[in-house]
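sequence and predicted structure below; questions after.
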Amino acid sequence: MLIYMSDRYNFLFFEAEYRKYLAALNTKQVSIKNYASDLRYFFSWLQSLFGVDLVSLNELPSLLSKSVMTQYYSYLRTHSASSLTFKRRVSTIRSFISFCVKQRWLTENTAKLSESDQESSEKYALVEEYCNYLKGIGSYYDIARQKSLIINFIES
């Protein structure tokens, strides 16, 4: 299939291509279903973070950067029902990013975080926890602004 770099795709395109890849590896159907579910969860998170519905292949590296992966792992730490769910979703993303590298949509596997990236992920998780706390007590603070200020402080 010929893909032009200026074309824009919704996230269902990437899910469908990933499903084909998994099927070609003789992955069990139940596993493919679980991978797809975790991938849709990730895409939903991406859409809420960036407000994007359509993505070009040129934009994919910025949407799947180490920084974004760090933020996603932080999000999972604070929103996963269990450590098992966290591990499964991280495994899915690592597999998907590896697939993207094989497709030459990405040049590196950004899902593999270094120690310093993992420390950043833990810091982002603390920020998420704090924002959830503020929401829980009905804080009058502009939570999005507070979160932005804290993240800028962490990253500086």
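Structure's in. What do you need?

burial count for residue 134?
Neighbour count for residue 134, taken as other CB atoms under 10 Å: 16. Quick note: C-beta positions are derived from backbone N, CA and C, even for glycine.

per-residue pLDDT, it?
With respect to pLDDT, residue 134 scores 73.

so it is in which element?
Element membership of residue 134 [criterion: DSSP states H and E] is helix 115-136.

show me where the chain has its helices.
11-24, 29-50, 60-63, 66-79, 83-102, 115-136, 143-155 (DSSP state H).

highest mean neighbour count out of those?
Neighbour counts (mean count of other CB atoms under 10 Å) averaged over each of these peak at helix 66-79, with a mean of 19.

tabulate the helices of the chain (TSV), appending distance to residue 109.
Listed next are the helices of the chain as TSV, based on distance: least, CB to CB, whole Å:
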stretch	distance to residue 109
helix 11-24	15
helix 29-50	15
helix 60-63	12
helix 66-79	10
helix 83-102	5
helix 115-136	12
helix 143-155	22
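
those helices: lowest mean pLDDT?
Among these, helix 115-136 scores lowest, with a mean of 66.

what's the separation between the closest residue to residue 102 other than its chain neighbours and residue 69?
Of all residues not flanking residue 102 in the chain, residue 21 sits nearest, at 7.8 Å (CB to CB, 6 or more residues apart in numbering). As defined by CB to CB, to the nearest Å, residue 21 lies at a distance of 20 Å from residue 69.

likewise for residue 50?
14 Å.

over to residue 46?
Distance from residue 46 to residue 69, by CB to CB: 11 Å.

same check, this time on residue 35
Note on residue 35: its distance to residue 69, by CB to CB, is 17 Å.

try residue 24
Counting by CB to CB - residue 24 and residue 69 are separated by 25 Å.

pLDDT score assigned to residue 1?
46.

got it, and residue 109?
pLDDT, read off for residue 109, is 87.

test my guess that it contacts residue 99.
No. Using CB atoms under 8 Å, residue 109 is not in contact with residue 99; the gap is 9.9 Å.

measure stretch 134-146 end to end?
10 Å (CA to CA, to the nearest Å).

now do stretch 132-149
16 Å.

quick one: contacts of that stretch?
For stretch 132-149, the external contacting residues (CB atoms under 8 Å, 6 or more residues apart in numbering) are 78, 127, 130, 131.

residue 142: neighbouring residues, count only.
11.

separation between it and residue 135?
From residue 142 to residue 135 the distance is 12 Å (CB to CB).
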